[in-house]
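**Student:** below are the sequence and a predicted model; questions follow.
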Amino acid sequence: MSTSAQPSAETDSPSSPATRSEGTVTDRLVELNARYAEAFTDPGMDARPVLHVAVVACMDARLDLHAALGLELGDCHTIRNAGGVVTDDVIRSLTISQRALGTRSIVLIHHTNCGLESLTEDFRQELEREVGQRPVWSVEAYTDADQDVRQSMQRVRTSPFLLHTDDIRGFVFDVTTGSLREILPAS
Ligand SMILES: [Zn+2]
């Protein structure tokens, strides 16, 4: 997917993480964490998000939620999966977020050019043929991001487990412009 300009690899700053080649990617992450921890100071926060908001979004690597929404450490819960789909497990997290950790607002974010758009439920059949077992989960593939956001909003709104369903908003993030486009609920 990476088609953008390549920085001149290898030659520039040896400290740049993108140019390091020894070890596995996880080794690199662990090394960078050591630097992060050196500069880290305890923010003294508890687990309750400062902005009382939970954001459900696709796991897509092009969506930097904190940067895109101007969020700071401690501001929000971020719940991510393939597609930003509201599954039972997302409802589990939202329920804990609201009932145990005080969030009241929910933001749902899908995005353009999602990997799920190239899949269908055939993916499950293919898996079953390959491994001899059908997964219990749905692929939740979709072709219309707007419609899928509406469906996600509806799933959250109708959940019996949530305390607060009056501030639920849904968006599609454009991976080429960085902009959010709001999707209005179905009814
Ligand atoms: Zn996606």
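**Tutor:** Yes, it's here.
**Student:** for the protein, what spans make up the helices?
**Tutor:** 25-39, 65-69, 88-101, 122-131, 145-157 (DSSP state H).
**Student:** tell me which parts of this structure are close to the ion?
**Tutor:** Proximity of the chain to the ion (C-beta under 5 Å from the ion) is limited to residues 58, 60, 114. Quick note: C-beta positions are derived from backbone N, CA and C, even for glycine.
**Student:** distance between the ends of stretch 35-44?
**Tutor:** This stretch, stretch 35-44, spans 20 Å end to end (C-alpha to C-alpha, to the nearest Å).
**Student:** repeat that for stretch 39-52.
**Tutor:** Across stretch 39-52, first to last residue, C-alpha to C-alpha, it's 27 Å.
**Student:** please pick the buried ones from the residues of the chain next to the ion.
**Tutor:** 58, 60, 114 (16 or more other C-beta atoms under 10 Å).
**Student:** now tabulate the residues you listed in JSON lines and tack on pLDDT.
**Tutor:** Output for those, formatted as JSON lines (pLDDT from 0 to 100):
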{"residue": "58", "pLDDT": "97"}
{"residue": "60", "pLDDT": "97"}
{"residue": "114", "pLDDT": "93"}
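**Student:** restricted to strands, list those residues.
**Tutor:** residue 58 (DSSP state E).
**Student:** tell me the most buried of the helices of the chain?
**Tutor:** helix 145-157 (a mean of 19; mean count of other C-beta atoms under 10 Å).
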